[in-house]
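K.L.:
Below is the structure, and that's it, no one-letter string:
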């Protein structure tokens with residue numbers, strides 16, 4: 001009878017799988033369903049969940065405190081609840097005191113309030129402390145040794161507590177204040193944290209809307225960095241012996257003149273008017289979306305695309321035929337368009353306005369999708385991606 005019962009763990013895993021599948025409709029925040037199925041699961045294996053706030057909504061860390069907004073909460077309501085100045089709290093978070101906040105939105109506190117305790121509905125007292133993995137492991141080993149020998153370990157002398165060291169980045173979330181022009185996607189790349197995790201920790205809406213001056217909590221993994229392998233270092237002049245060179249007394253071999261190179265037929269120029277006729281690695285896979293000089297080159301980790309200088313109002317063309325996968329805006333109001341192409345590549349266009357396309361719309365190569373936005377200087381930011389991996393646009397442009 002016991003063999004016929006379904007283990008609880010298996011039921012829970014099946015439930016999690018169903019919830020995950022039910023949430024896959026619409027635009028995939030990590031771009032896994034657009035392109036070649038890029039998998040970001042490894043990036044979230046060590047990310048913790050957001051701690052539960054106390055009855056006031058306060059989460060307390062050693063270096064700062066935040067409040068998790070309730071449904072229909074406002075800055076003024078939070079300030080009254082915590083005995084703070086509403087205008088100061090609003091200015092600190094870059095939002096008006098009476099604007100209705102999203103449920104679970106994070107509000108940063110400019111100064112510390114009373115620490116969470118049982119009286120405020122918290123599970124523990126004081127700020128959330130980092131886990132001392134070494135102490136836990138040592139205690140577990142001592143207990144295991146004692147149980148194996150049947151000897152009760154002798155009590156140790158109390159040791160004075162060492163001064164509290166700063167919480168390492170892996171234990172305390174980074175508190176990031178949004179700057180002009182940043183998006184959740186750029187912040188995700190900055191900290192190598194999936195967009196979905198940032199959204200869940202900060203109660204973002206389905207469009208991942210953020211504002212300039214807003215504080216975001218960026219979760220960090222708790223795993224320690226891998227140990228560095230030891231390398232044997234030898235003193236100069238020791239180690240592998242230098243091979244003996246051939247004798248200089250031997251005559252050099254007679255030179256044999258090289259055979260003449262046969263003429264190679266020049267292949268016919270391919271037709272560049274069709275996407276299907278061009279290889280994915282060819283320089284002319286895509287059209288230049290605007291004509292202009294590159295004012296900022298591709299630099300992975302710093303600039304995931306290229307910036308093409310162009311006058312404000314210049315029409316932006318689709319680099320290749322495809323489907324509009326996403327349309328959104330950054331914090332400065334500039335439009336962002338993502339196109340999905342038949343071979344799994346994505347092209348991203350930012351610093352735009354006056355869009356002429358909508359999400360899920362099919363576009364053709366060279367079709368106008370918007371105009372370059374006015375700026376000083378004005379430019380178009382253009383990226384080529386395969387999933388979340390950025391590629392050098394120079395390898396795909398003429």
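P.N.:
Received the coordinates, thanks. Quick caveat: nothing in here was measured; it's all calculated off a predicted structure. Numbering: from 1, shown residues only.
K.L.:
now the closest residue to residue 177 other than its chain neighbours: how far from residue 206?
P.N.:
In space, and not counting its chain neighbours, residue 177 is closest to residue 215: 5.4 Å by Cβ to Cβ, 6 or more residues apart in numbering. (C-beta placed from N, C-alpha, C; glycine too.) Distance of residue 215 to residue 206, computed by Cβ to Cβ, to the nearest Å: 21 Å.
K.L.:
do the same with residue 316
P.N.:
Distance of residue 316 to residue 206, given as Cβ to Cβ: 26 Å.
K.L.:
Settle it for me: which of those two has more neighbours?
P.N.:
residue 316 (27 against 9; other Cβ atoms under 10 Å).
K.L.:
Tell me which stretches of the protein form helices.
P.N.:
Counting by DSSP state H, residue ranges of the helices within the chain are 8-22, 75-82, 86-93, 133-149, 184-191, 195-202.
K.L.:
And those, which one averages the lowest pLDDT?
P.N.:
Ranked by mean pLDDT, the helices of the chain bottom out at helix 133-149, which scores a mean of 44.
K.L.:
Output the lowest mean pLDDT helix or strand found in the protein.
P.N.:
Across the helices and strands of the chain, the lowest-confidence element by mean pLDDT, DSSP states H and E is helix 133-149, at a mean of 44.
K.L.:
What residues are bridge-paired with residue 326?
P.N.:
Counting by DSSP bridges, residue 326 forms beta bridges with residue 338.
K.L.:
which residues touch it?
P.N.:
Applying Cβ atoms under 8 Å, 6 or more residues apart in numbering to residue 326 gives the contacts 27, 336-338, 359.
K.L.:
what does residue 319 give?
P.N.:
286-289, 339, 347, 365, 382, 396-397.
K.L.:
Neighbour-wise, which one of those leads?
P.N.:
For those, neighbours were counted by other Cβ under 10 Å; the highest total belongs to residue 289, with 27 neighbours.
K.L.:
these two touch, right, it and residue 348?
P.N.:
No. Using Cβ atoms under 8 Å, residue 289 makes no contact with residue 348, being 10.3 Å away.
K.L.:
which neighbours do those two share?
P.N.:
With Cβ under 8 Å, 6+ apart as the test, residue 289 and residue 348 both reach residue 382.
K.L.:
Hmm, residue 348 and residue 391 touching each other?
P.N.:
No. Residue 391 lies out of contact with residue 348 (Cβ under 8 Å); the separation is 11.0 Å.
K.L.:
more neighbours, the two?
P.N.:
residue 348 (21 against 18).
K.L.:
Can you read off the pLDDT for the more buried one?
P.N.:
Reading off the confidence values, residue 348 has pLDDT 93.
K.L.:
Now it. Nearest residue, chain neighbours left out?
P.N.:
residue 383 (3.9 Å).
K.L.:
what do you get for residue 96?
P.N.:
Closest to residue 96 by Cβ to Cβ, 6+ apart is residue 90, at 5.9 Å.
K.L.:
how far away is the one you found from residue 377?
P.N.:
Counting by Cβ to Cβ - residue 90 and residue 377 are separated by 34 Å.
K.L.:
more crowded one of those two?
P.N.:
Between residue 90 and residue 377, residue 90 has the larger neighbour count (other Cβ under 10 Å), namely 20 against 10.
K.L.:
Hmm, the more buried one is touching residue 101, no?
P.N.:
No. The criterion here is Cβ under 8 Å, and residue 90 misses it with residue 101 at 10.8 Å.
K.L.:
Common neighbours of those two, please.
P.N.:
Going by Cβ under 8 Å, 6+ apart, residues that sit against residue 90 and also against residue 101 are residue 75.
K.L.:
Count the neighbours of residue 394 for me.
P.N.:
Number of residues near residue 394 (other Cβ under 10 Å) recorded here: 12.
K.L.:
Just to check, it is in contact with residue 308?
P.N.:
No. Using Cβ under 8 Å, residue 394 makes no contact with residue 308, being 11.6 Å away.
K.L.:
Residues in contact with both of the two, list them for me.
P.N.:
By Cβ under 8 Å, 6+ apart, residue 394 and residue 308 have no common neighbours.
K.L.:
re the thing from before, out of the contacts of residue 319, who's nearest residue 190?
P.N.:
Nearest to residue 190 among the contacts of residue 319, counting by Cβ to Cβ, is residue 382 at 19.6 Å.
K.L.:
Let me know the pLDDT of the closest residue in space to residue 323 that isn't next to it in sequence.
P.N.:
Nearest residue to residue 323, sequence neighbours excluded (Cβ to Cβ, 6+ apart): residue 340, at 5.1 Å. Note on residue 340: pLDDT of 94.
K.L.:
residue ranges with poor pLDDT in the protein?
P.N.:
For the chain, applying pLDDT under 70 flags the ranges 1-48, 129-171, 221-283, 331.
K.L.:
Where does the record place the domain boundaries for it?
P.N.:
The chain breaks down into these domains under automatic domain parsing: 58-129+169-218, 280-395.
K.L.:
Identify whichever of these lies nearest to residue 49.
P.N.:
The closest of these to residue 49 is domain 58-129+169-218. By Cβ to Cβ, the value is 8.2 Å.
K.L.:
quick one: residue 216 and residue 123, what's the gap?
P.N.:
Taken as Cβ to Cβ, the span from residue 216 to residue 123 is 24 Å.
K.L.:
Which one of those two is surrounded by more residues?
P.N.:
Neighbour count, other Cβ under 10 Å: between residue 216 and residue 123, residue 216 has more, with 23 against 10.
K.L.:
Pairing partners for that one in the sheet, please.
P.N.:
Residues in beta-bridge contact with residue 216 (DSSP bridges): residue 176.
K.L.:
so who does it touch?
P.N.:
Residue 216 neighbours (Cβ under 8 Å, 6+ apart): 106, 175-178, 187, 198, 201-202, 210.
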